[in-house]
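> attaching a predicted model along with its sequence, questions to come.
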Amino acid sequence: MIDQSFLINLLKKEIHSQKNTISPLFEKEILKLEQDKTTISEMDENTINDLIKDLPISTKEKEEKKIFLFSMKRLVNLTKHKKAYFQMTNHQIKQIEEIINLWKKENNNQKQYQLLLSKIENPSNYEYIDNIDIIIDLFHKYELEDYEKRLILTRIMKYNKEIYESKKEVKENNASNNREDVEYILNTYGYYFDNLRKPEQQELLEKGNLKRIEEVLKELKKYNYPRFILPQESMKMKTILINSNKETIQKITEFGKEKNIFPQDLYRMTPALISNTSNIDSIARADDFKKNVEFLENLGYKISYILKKCKELLLLNNNKLVSNYQKYISYGLIVQTNKTGSLTNPSLTCLLSNHFAEIIDQFIETNPKGYRYVKENMDWMSNIKDSSDILFYNIYQASKTTNPYEKKNNKIQLIEEITQKNISYQGITEENKYKITNTIIIEYPHKQSFEEAINKSKEEDLYDLTIEDNRIEKLNRYIDPMNPLQYDFKGIIISRLKVKRIFNILKNYDLDDYEDSMLYAITYHSIMTKEDLDKIKRLLKEGD
Amino acid sequence: MEYLEKYGIPNNIIEEIRMKYDEIVIENMRIEQWNVEKVIQYFQEIGIIPINEIILNHPNIFLKDINQVMKAFKKYKIKEIVDKINIDSNTIIKV
């Protein structure tokens, strides 16, 4: 059946396919052609194919335009070869201009597709779908049947109607709930409005929906959730009454029953009771909660243990949990369990962390024993802020003259002088760590774009190590045979997974074609001197 | 999260937690304010000093049910374990 998901898939397919044709290099070609139509002779066949492929026209029209462009290319080349002057007819010029305009239109549509996709996937943003033109373009492009077009348009009308009803409901709510009405409902369930703290009273009046408040209280009572203790739990009560709803409480509580997760557990995981379709001012994790439980169970972990030790793991955005898990095992670290199949630290902390991959990279790069330290110790994640933590500068500096690691109880540990909190190692502080270690702050021509891409990827949680790219393969000659997780650039150790990860992000944002792209991926957050950097640059150049 | 300031936990610690861990940790600390406060008060009562460090490196401890936390500590001689935690705050993981 064709419904919203069909349109969503169509949009995602469209957005994905456009990635190659909307790159800075491709745009240059189009600009050249616009200024001088005879440069069609210089456009290679792949570029012409790419140009035509994504135009919002039917397959038959695409074929016609392709034939036309190839014939123009041949004609101009033949004329140049004969050293004659080639004069395009007005008709031919108009044809090329039409193709360029269609491409520009599609290029602009790309942004619109992203917006439209975002609207459909986030109905709680209460935005109407009003850009029907681009949907019509999609119809042409994919040559949908009449009934398919009708169904999508009907679905969009229904969607807009739902948004209208929701907006009406919110508007009615925002005309402030009558205090007496809210008091009455709370009283019915044994609560007193005055027992809430004043800020939460206010929010309930402004943002609460009377019908929803009543339904939520009814469901909480039905499933024997613990009662809110007021005024101490005012924040929790307000959050649930405003943001949750009957359907979500039912769905999650029933799901929890099957998994031996009870209302007294769910009560302490408020975001699990809030779904995207109903939340107003809180983080919604109902869907993620379900997926996370199933994901971890399928891997053989005990949910009861995770509930006890680190229930926040079940509330992570599911993409992030899966991505962090993949990252973790890609470093050859086992997500440790004890005999009963329960996750142990530092696995739990790592999976919650925003930075653990970068921290492991830093251990790898600052000393040859760093990776072993990570593998053998349970608590390396604690106390480390991120890859810029002063500990790494201590390890790096210590490695110049001594061994920062020692063997203790059959494991390697960092020497005490390096980890002492109140005494700086060799005078290294936050303010002078670069100076004392001679670390170069590398300037890249495209640094700002790279950094923006990295930040954006964290929000979107991209992680794909299956990158097949000959530029990465060229670095294979530097893989350390003793540890395939690192490159050895003639004595300079660089984390291999870091390079793949960062380069993949740049590639995803079409930033991989610049001269400094690979260098950025290699030296990202690395502690190194100018001489080290020059060496890497030299080696990269030799490899070209 | 202003409520933490009255326990001597400054804003920059909260910002560090926000940077270090997924947003759900801070969100839960916001919603479960009462629970977090009870755990802090308990730690202060038994004499734990590096509460800032513990909340930064192990924030999920403050989101555990207070009864669960107290039960875990009662397995040890309180003074001994608190002394160990005051020397090395990571000891708290073992509790």
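Looks like it arrived, so ask away. Numbers count the residues shown, from 1 in each chain, chains lettered A, B, ... in the order given.
> how deep is the residue in the stretch 201-350 of chain A positioned nearest to chain B tucked in, by neighbour count?
Residue nearest to chain B within the stretch 201-350 of chain A: A:Gln232 (4.0 Å; CB to the nearest CB). For the C-beta atoms, the positions are set from N, CA and C on the backbone; glycine is no exception. Close neighbours of A:Gln232, defined as other CB atoms under 10 Å in any protein chain shown, add up to 16.
> wait, doesn't it sit right on B:Glu32?
No. Contact between A:Gln232 and B:Glu32 fails when scored by CB atoms under 8 Å: they sit 10.4 Å apart.
> where do the strands sit along chain A?
In chain order, chain A shows strands spanning A:405-408, A:411-414, A:479-480, A:483-489, A:492-495, with DSSP state E as the criterion.
> buried ones in the second one?
Across strand A:411-414, burial judged by 16 or more other CB atoms under 10 Å in any protein chain shown covers A:412-414.
> again with the last one
Neighbour-count burial for strand A:492-495, counted by 16+ other CB under 10 Å, picks out A:492-495.
> and the residue nearest to A:Thr429 when sequence neighbours are not counted, what does it touch?
Distances taken as CB to CB, 6 or more residues apart in numbering or on different chains place A:Ile390 nearest to A:Thr429, at 7.4 Å, with adjacent residues excluded. Under the criterion of CB atoms under 8 Å, 6 or more residues apart in numbering or on different chains, the contact list for A:Ile390 reads A:428-430, A:433.
> and residue 35, how many neighbours?
Picked chain A for this. Other residues within reach of A:Gln35 by the criterion other CB under 10 Å amount to 8.
> should've been chain B
B:Asn35, neighbours per other CB under 10 Å, totals 21.
> what residues sit buried inside the strand or helix carrying it?
When elements are defined using DSSP states H and E, B:Asn35 is found to belong to helix B:33-46. Neighbour-count burial for helix B:33-46, with 16+ other CB under 10 Å as criterion, is recorded at B:33-40, B:43.
> can you name the residues of the stretch 51-200 of chain A sitting close to chain B?
Within reach of chain B by CB under 8 Å from any CB of the partner chain, the stretch 51-200 of chain A has no residues at all.
> for the stretch 51-200 of chain A, which residue gets nearest to chain B?
Across the stretch 51-200 of chain A, no residue is closer to chain B than A:Arg197, which sits at 10.2 Å (CB to the nearest CB).
> so what's the residue nearest to that residue when sequence neighbours are not counted up against?
Counting by CB to CB, 6+ apart, the nearest residue to A:Arg197 once its immediate chain neighbours are dropped is A:Ser234, at 4.2 Å. Applying CB under 8 Å, 6+ apart, one finds that A:Ser234 lies in contact with A:196-197, A:199-200.
> how close does A:Ser234 get to A:Leu204?
Summarising the geometry, the distance separating A:Ser234 from A:Leu204, computed by CB to CB, to the nearest Å, is 9 Å.
> can you give me the neighbour number for the closest residue to A:Asn324 other than its chain neighbours?
Nearest residue to A:Asn324, sequence neighbours excluded (CB to CB, 6+ apart): A:Leu351, at 4.8 Å. Residues lying near A:Leu351 (other CB under 10 Å) number 25.
> distance check, A:Leu351 against A:Lys83.
Distance from A:Leu351 to A:Lys83, counting by CB to CB: 68 Å.
> so what's the residue of chain B found nearest chain A scoring on pLDDT?
Using CB to the nearest CB, the single residue of chain B nearest to chain A is B:Trp34, 4.0 Å away. Predicted confidence (pLDDT) for B:Trp34: 93.
> mind putting the strands of chain A into CSV with distance to chain B?
What follows is those, written out as CSV (distance: least, CB to the nearest CB, whole Å):
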stretch, distance to chain B
strand A:405-408, 14
strand A:411-414, 13
strand A:479-480, 30
strand A:483-489, 24
strand A:492-495, 20
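> output these as JSON lines; include the columns mean pLDDT and distance to A:Asn455.
Conversion of the strands of chain A to JSON lines gives the following (pLDDT from 0 to 100; distance: least, CB to CB, whole Å):
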{"stretch": "strand A:405-408", "mean pLDDT": "90", "distance to A:Asn455": "33"}
{"stretch": "strand A:411-414", "mean pLDDT": "89", "distance to A:Asn455": "31"}
{"stretch": "strand A:479-480", "mean pLDDT": "93", "distance to A:Asn455": "29"}
{"stretch": "strand A:483-489", "mean pLDDT": "93", "distance to A:Asn455": "25"}
{"stretch": "strand A:492-495", "mean pLDDT": "96", "distance to A:Asn455": "20"}
